[in-house]
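A.B. asks: no sequence on this one, just coordinates:
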């Protein structure tokens with residue numbers, strides 16, 4: 001629906017996850033009948049949750065823990081673990097900073113240290129040696145510079161993640177990354193984003209990506225809307241990108257690109273709504289930052305928070321509710337959707353009568 005905004009502008013009505021609800025059907029099932037299995041490229045995971053590449057969420061050890069629990073952890077390859085041989089003292093300092101203004105300034109100073117290619121290889125090797133899938137993320141600005149180190153280290157998934165990533169970036173300051181050529185030359189599956197519209201997603205799918213991230217990421221820790229005036233209501237964005245996936249499937253003669261919701265996913269109900277809108281999987285940050293064994297120890301921040309000239313994020317205190325295993329698999333000791341994320345998704349599917357994630361994408365939703 002298009003709405004007139006004054007006399008010279010029109011805008012489409014868009015909806016966030018908070019604006020929609022899932023509708024039960026006539027059939028219900030036992031939770032034991034539900035499979036949450038998710039397969040992308042050659043790997044199968046027990047559930048369709050990916051940990052966001054944020055230093056407050058993922059360290060090599062927490063990525064290993066998540067992998068053993070059945071999910072996929074993505075390490076930020078521009079974070080503390082690839083800038084410092086021992087980042088623990090700096091993590092202790094960040095979580096101990098008193099006020100937001102001090103935290104932002106200190107984050108800028110800490111993350112000004114150079115990324116070390118040898119540490120990229122070392123961190124990925126730690127994860128691989130534990131026998132779980134290894135995934136690492138770079139921003140488009142650093143992808144060309146460090147791609148060889150990432151690939152040589154043997155990642156299972158290469159994630160190119162930014163606030164907004166396009167297949168047609170134009171810059172006179174530096175040679176832009178040619179996504180299509182870059183992905184074509186790689187033997188590693190690539191997940192790329194964020195994007196928020198049908199057309200942007202279709203262009204990213206045409207680059208050969210295995211998956212497309214929908215949204216801006218950052219969620220609870222980003223201030224992009226306040227700083228740049230840019231935002232995306234996620235229910236509408238995921239639905240639009242799911243439509244692009246369907247049309248690209250026809251255009252390409254059967255090539256399926258996974259849609260991964262990345263942003264505004266704070267509680268278990270948001271995960272279910274994201275899949276109901278068409279997502280194949282969900283990238284989560286703040287829910288996992290609440291783990292007692294998360295690197296941020298109850299604090300949460302992303303790459304937007306340390307930009308050297310225009311920070312678009314902040315360090316926020318999200319608190320701790322349980323271990324990573326409890327947050328994923330329960331049992332939950334709270335009733336606000338911050339624990340037993342996997343169990344909640346399973347229950348939502350069982351309550352609405354669906355046994356497979358792909359089927360659950362067809363569930364009815366309502367506004368309100």
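C.D. replies: Received it, and whenever you're ready, just let me know what you need. No experiment lies behind these values; they were computed from the predicted model shown. Numbering: from 1, shown residues only.
A.B. asks: mean confidence for stretch 151-170?
C.D. replies: Averaging pLDDT along stretch 151-170 gives 79.
A.B. asks: Same check on stretch 99-106?
C.D. replies: On average, stretch 99-106 scores 87.
A.B. asks: And for stretch 311-322?
C.D. replies: Stretch 311-322 comes out at a mean pLDDT of 91.
A.B. asks: And that stretch, end to end?
C.D. replies: 30 Å (Cα to Cα, to the nearest Å).
A.B. asks: Give me the buried positions along that stretch.
C.D. replies: Across stretch 311-322, burial judged by 16 or more other Cβ atoms under 10 Å covers 311, 312, 313, 314, 315, 316, 318, 320, 321, 322. Using the backbone N, CA and C atoms, a C-beta is placed for each residue, glycine as well.
A.B. asks: One more: stretch 244-260?
C.D. replies: Neighbour-count burial for stretch 244-260 [16+ other Cβ under 10 Å]: 244, 245, 248, 257, 258, 259, 260.
A.B. asks: Check whether residue 283 really touches residue 264, as I assumed.
C.D. replies: No: contact criterion Cβ atoms under 8 Å: residue 283 and residue 264 do not qualify, at 11.0 Å.
A.B. asks: And the two? Which one has more around it.
C.D. replies: Shown here are residue 283 and residue 264; by other Cβ atoms under 10 Å, residue 283 has more neighbours (31 against 26).
A.B. asks: So what touches stretch 18-36?
C.D. replies: 46-48, 233, 235, 272-273, 276-277, 342-343, 345-357, 363-368 (Cβ atoms under 8 Å, 6 or more residues apart in numbering).
A.B. asks: sorry, back to before: just put the buried residues of stretch 311-322 in CSV and tack on secondary structure.
C.D. replies: Below are the buried residues of stretch 311-322 laid out as CSV (DSSP: H, G, I helix; E, B strand; the rest coil):
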residue, secondary structure
311, coil
312, coil
313, strand
314, coil
315, coil
316, strand
318, coil
320, coil
321, coil
322, strand
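A.B. asks: Filter the buried residues of stretch 244-260 down to the ones in helices?
C.D. replies: 244, 245, 248 (DSSP state H).
A.B. asks: surely residue 255 meets residue 247?
C.D. replies: No: applying Cβ under 8 Å, one finds residue 255 not in contact with residue 247, separated by 11.7 Å.
A.B. asks: the strands in the stretch 1-150 of the chain, which residues?
C.D. replies: According to DSSP state E, counting those that start in this stretch, the stretch 1-150 of the chain carries its strands in the segments 2-5, 9-12, 20-22, 38-40, 43-45, 49-51, 72-76, 135-138.
A.B. asks: out of the ones you listed, nearest to residue 91?
C.D. replies: strand 72-76 (12.9 Å; Cβ to Cβ).
A.B. asks: now that closest one: mean pLDDT?
C.D. replies: 98.
A.B. asks: ok now do residue 282, which residues does it touch?
C.D. replies: Residue 282 touches 48, 49, 50, 260, 261, 262, 265, 270, 271, 274, 275, counting by Cβ under 8 Å, 6+ apart.
A.B. asks: Looking at these, which is nearest residue 85?
C.D. replies: The nearest one, if we look at those relative to residue 85 and count by Cβ to Cβ, is residue 50, at 27.0 Å.
A.B. asks: Share the number of residues neighbouring the closest one, please.
C.D. replies: Neighbours of residue 50 using other Cβ under 10 Å come to 27.
A.B. asks: residues contacting it?
C.D. replies: Contacts of residue 50 by Cβ under 8 Å, 6+ apart are 71, 72, 73, 74, 135, 260, 281, 282, 283, 284.
A.B. asks: Which positions are bridged to it in the beta structure?
C.D. replies: With DSSP bridges applied, residue 50 shows beta-bridge pairing to residue 72, residue 283.
A.B. asks: Retrieve the pLDDT associated with it.
C.D. replies: What the model reports for residue 50 is a pLDDT of 98.
A.B. asks: I'd like to know which of the buried residues of stretch 244-260 is nearest to residue 215.
C.D. replies: For the buried residues of stretch 244-260, the nearest to residue 215 is residue 260 (9.0 Å; Cβ to Cβ).
A.B. asks: The closest one touches residue 191, doesn't it?
C.D. replies: Yes: between residue 260 and residue 191 a contact is recorded at 6.7 Å, counting by Cβ under 8 Å.
A.B. asks: what is in contact with the two at once?
C.D. replies: With Cβ under 8 Å, 6+ apart as the test, residue 260 and residue 191 both reach 211, 212, 213.
A.B. asks: Bridged to the first one, which residues?
C.D. replies: Under DSSP bridges, the beta-bridge partners of residue 211 are residue 191, residue 258.
A.B. asks: I'd like to know how far residue 333 sits from residue 69.
C.D. replies: 18 Å (Cβ to Cβ, to the nearest Å).
A.B. asks: Show me which of the two is the more surrounded one.
C.D. replies: Ranked by neighbour count (other Cβ under 10 Å), residue 333 and residue 69 place residue 69 first, with 18 against 11.
A.B. asks: hang on, residue 194 is in a helix, isn't it?
C.D. replies: No: looking at residue 194 with three-state DSSP, it is strand, so not inside a helix.
A.B. asks: count of residues packed around it?
C.D. replies: 27.
A.B. asks: One more: residue 307?
C.D. replies: 16.
A.B. asks: Could you list which residues are in contact with it?
C.D. replies: 108, 313.
A.B. asks: what does residue 303 give?
C.D. replies: Contacts of residue 303 by Cβ under 8 Å, 6+ apart are 54, 76, 78, 79, 139, 218, 313.
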